[in-house]
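Q: Sharing a model that was predicted from the sequence below.
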Amino acid sequence: QLQLVESGGGLVQAGGSLRVSCAANGGTFSSYAMGWFRQAPGQEREFVAYISWGYSTYYADSVKGRFTISRDNAKSTVFLQMNSLKPEDTAVYYCAARLRAGAPPPQRNYDYWGQGTQVTVSS
């Protein structure tokens with residue numbers, strides 16, 4: 001069973017940058033596609049970015065050109081580099097894993113989820 005632990009959240013001013021990480025243990029990380037999601041207060045959890053086990057990447061339109069997802073299989077970690085942050089990026093950020101997925105699956109089809117890390121962007 002894969003366990004996911006996010007870290008790196010915090011408070012940053014608008015226009016700033018932040019990198020959040022998700023460390024995995026308990027499984028063969030390289031076999032999993034990884035996704036980042038976020039949930040703001042009072043809103044539904046939404047897709048942010050995705051990297052397949054073959055390193056293909058996908059982004060939500062709202063973050064395209066500002067966020068970059070990457071993975072380091074040797075460290076069993078996936079990263080989300082967030083630049084040009086906006087107040088509307090404020091949310092709890094979650095990582096999730098899906099075994100051997102190519103294209104991004106629906107949220108309900110992810111196998112494992114982390115506990116989330118808070119990102120707050122001040123104006």
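A: In hand now; what should we look at?
Q: What segments of the chain are strands?
A: For the chain, the strands defined by DSSP state E occupy 3-7, 10-13, 18-25, 32-39, 46-51, 57-59, 67-72, 77-82, 91-99, 112-113, 117-122.
Q: For the first one, output the C-alpha coordinates as PDB.
A: So the one you mean is strand 3-7. Output of strand 3-7 as PDB, limited to C-alpha atoms (Å, rounded to 0.1, in the frame of the first residue of the first chain):
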ATOM      1  CA  GLN A   3       1.500   6.100   1.600                       C
ATOM      2  CA  LEU A   4       1.800   9.700   0.500                       C
ATOM      3  CA  VAL A   5       3.000  12.700   2.600                       C
ATOM      4  CA  GLU A   6       2.900  16.200   1.300                       C
ATOM      5  CA  SER A   7       5.100  19.000   2.500                       C
END
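Q: Report the angle between it and strand 77-82.
A: For strand 3-7 against strand 77-82, the angle by axes from the mean of the first three to the mean of the last three Cα atoms, to 10 degrees is 30 degrees.
Q: elements contacting strand 3-7?
A: Applying 3 or more Cβ pairs under 8 Å, 6 or more residues apart in numbering; DSSP states H and E, we find strand 3-7 packed against strand 18-25, strand 91-99, strand 112-113. For glycine as for every other residue, the C-beta is placed from the backbone atoms N, C-alpha and C.
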